[in-house]
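K.L.:
Sequence below, structure please.
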Amino acid sequence: MITTDHTVRTFHEFFRDRGHELVPSESLVPSPGDPVLFTTSGMHPLTPYLLGRPHPLGRRLTSLQRCLRTTDLDEVGDDTHLTVFEMLGSWSLGDYGGSPSLRWGCELLCDGFGIDLGRMHVTVFGGDEQVGPDHESWRTWDELGVPVEPTTHENWWSNGPTGLCGPDSEIFVWTGPGTPHGTPTTDDRWVEVWNHVMMRYVRHPDGSLEPLSRPNIDTGLGLERLVRILQGTRSVFEIDLFQPWLTTLPRLWEPLDETSVRRLSDHLRSSIVVLGDLVVPSPTGRGHVLRRLIRRMLTTLWRDDPTRSLSDLPIELIEHTLGHFRQSRHPHDVRTVLLDEERRFGLLLHRGRQVLSHRRFTGPLSDDDYRYLHDTHGLPRDLVVYLETENATET
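P.N.:
Take a look at the predicted model:
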């Protein structure tokens, strides 16, 4: 069975054989002056070079970049979504075009990783009122024998309301039983693994598009999703990378249902990685995201048994996570912060229960009640909702 580490090596060796230099992975914390709280994609650290600055390693690059996204937090626990994940990437900074990138993508997936061409489907940009269809990508996939589904908004990549943008082509692999059927937009058993962006434009505030003087190719492949397919597991949580978590947590805190084990594994692991990049819990900014992650994890942990504690967590799990992400922070420092946050959250819950026991809050809460509880008592809405649910369960 191919491992996560072997997958990374195969990817990088493939692109290094084709003239790409390996860019070191960077922290989840972007460089000073960047308004984004966390690195959310593999291309993020390369933005200045995609805008035209020469890269010291040349015009063909590859990397493995850790990323964090909180837009899908409520979906964590399903088969594909993670809070902290890793992106394999390849870039052409004004060197080759879209067709070579797509051909290499198909070659690596089929010949390098052994994925049957018959289990692949792609989407391409079908055109809109500003830009015509991406005929080059469409023609390339037709020549390779991969079925194509054209879309509009789904295959237009942008870095925000303004800035870098362009058509993209997404590669999907069938994860259902039997012969593949349907298309990526009609059957969610088609799982996206690799996006190839033809970065050709800059969008201005008035919505107009200016062609880049030096078009680029930006590709991103979700490591955990690819390994899930290569290892034939039901979800990303069952790949080798998560085995230490899935074998330890159910024994540590019985009983836990499958969704709880997945969420605990994700949020604990993600919190460790954020702490490993030297972020500290706080009321605002990055620290608030970290604190929210830890508290979401604790509400899951305590839902069935409030006596559970992070003090039970083996230090080996923290060491394993920091080691995988090549972080140098001492595991005992990370453990200390987690335990301190657990203590703080426990005290906040105690105070929240006392406040909510007042007769003013016996009925359904209004928006004014939520604002009062936050502004006067420091109780965020999601915490109050959790306590309401707790009370309803006890009743």
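K.L.:
in which helix or strand would I find Pro211?
P.N.:
strand 209-222 (DSSP states H and E).
K.L.:
Could you count how many residues lie near Thr321?
P.N.:
24 (other CB atoms under 10 Å). Where C-beta positions appear, they are placed from N, C-alpha and C, glycine not excepted.
K.L.:
Which residue comes closest to it once chain neighbours are left out?
P.N.:
Leaving aside its chain neighbours, Thr321 sits nearest to Ile272 (4.5 Å; criterion: CB to CB, 6 or more residues apart in numbering).
K.L.:
For the helix or strand where the one you found lies, list every residue counted as buried.
P.N.:
Taking DSSP H and E as the criterion, Ile272 maps to helix 258-276. For helix 258-276, the neighbour count (16 or more other CB atoms under 10 Å) marks 260-276 as buried.
K.L.:
now the lengthiest helix in the chain, how far from the chain's geometric center?
P.N.:
The longest helix of the chain (DSSP state H) is helix 331-356. For helix 331-356, the separation from the chain centroid amounts to 26 Å (computed by CA atoms, centre = their mean, to the nearest Å).
K.L.:
tell me the angle of the one helix or strand in the chain whose mean pLDDT sits lowest relative to helix 331-356?
P.N.:
Using mean pLDDT, DSSP states H and E, helix 381-394 stands out as the lowest-scoring helix or strand of the chain, at a mean of 75. Relative orientation of helix 381-394 versus helix 331-356 (axes from the mean of the first three to the mean of the last three CA atoms, to 10 degrees): 70 degrees.
K.L.:
for the residue nearest to Leu241 when sequence neighbours are not counted, what are its contacts?
P.N.:
Closest residue to Leu241 apart from its sequence neighbours, by CB to CB, 6+ apart: Thr4 at 4.8 Å. If you count contacts by CB atoms under 8 Å, 6 or more residues apart in numbering, Thr4 has them with Leu223, Glu224, Val227, Ile239, Asp240, Leu241.
K.L.:
among these, which two are most distant?
P.N.:
Across these, no pair lies farther apart than Leu223 and Asp240, at 11.8 Å, counting by CB to CB.
K.L.:
now for whichever helix or strand comes after the longest helix of the chain, which elements pack on it?
P.N.:
Moving toward the C-terminus from helix 331-356, the next helix or strand (DSSP H and E) is helix 367-377. Helices and strands touching helix 367-377, by 3 or more CB pairs under 8 Å, 6 or more residues apart in numbering; DSSP states H and E, are helix 331-356, helix 381-394.
K.L.:
what packs against the first one?
P.N.:
Contact here means 3+ CB pairs under 8 Å, 6+ apart; on that basis helix 331-356 packs against helix 258-276, helix 285-302, helix 315-324, helix 367-377, helix 381-394.
K.L.:
Can you dump the C-alpha atoms of the fourth one in CSV for me?
P.N.:
Read it as helix 367-377. Only the C-alpha atoms of helix 367-377 are listed here, as CSV (Å, rounded to 0.1, in the frame of the first residue of the first chain):
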residue,chain,number,x,y,z
ASP,A,367,-30.8,38.4,19.4
ASP,A,368,-30.8,41.1,22.1
ASP,A,369,-30.3,38.4,24.7
TYR,A,370,-27.3,37.0,22.8
ARG,A,371,-25.8,40.5,22.4
TYR,A,372,-26.3,41.2,26.1
LEU,A,373,-24.7,37.9,27.1
HIS,A,374,-21.7,38.6,24.9
ASP,A,375,-21.2,42.3,25.7
THR,A,376,-21.9,42.1,29.4
HIS,A,377,-20.7,38.6,30.4
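K.L.:
Between helix 381-394 and it, find me the angle.
P.N.:
With the same axes, to 10 degrees defining the directions, helix 367-377 sits at 110 degrees from helix 381-394.
K.L.:
So which bits of helix 367-377 are buried?
P.N.:
Asp369, Tyr370, Tyr372, Leu373.
K.L.:
ditto for the second one
P.N.:
Residues of helix 285-302 classed as buried under the neighbour-count rule (16+ other CB under 10 Å) are 286, 289-302.
K.L.:
what's the distance between Thr219 and His196?
P.N.:
5 Å (CB to CB, to the nearest Å).
K.L.:
same thing with Tyr372?
P.N.:
On the measure of CB to CB, Tyr372 and His196 end up 51 Å apart.
K.L.:
And Pro32, by the same measure?
P.N.:
The separation that Pro32 has from His196, given CB to CB, amounts to 31 Å.
K.L.:
Which one's more surrounded, those two?
P.N.:
For Pro32 versus His196, the count of surrounding residues by other CB under 10 Å is larger for His196: 25 against 5.
K.L.:
contacting residues for the more buried one?
P.N.:
So His196 contacts Gly98, Ser101, Leu102, Gly105, Ser137, Asp168, Ser169, Glu170, Ile171, Ile217, Asp218, Thr219 (CB under 8 Å, 6+ apart).
K.L.:
hmm, try it at 6 Å
P.N.:
Ser101, Leu102, Ser169, Thr219 (CB atoms under 6 Å, 6 or more residues apart in numbering).
K.L.:
Taking strand 209-222 as reference, get the angle to the helix or strand hosting Leu102.
P.N.:
Leu102 is located in helix 98-107, with elements delineated by DSSP H and E. For helix 98-107 against strand 209-222, the angle by the same axes, to 10 degrees is 10 degrees.
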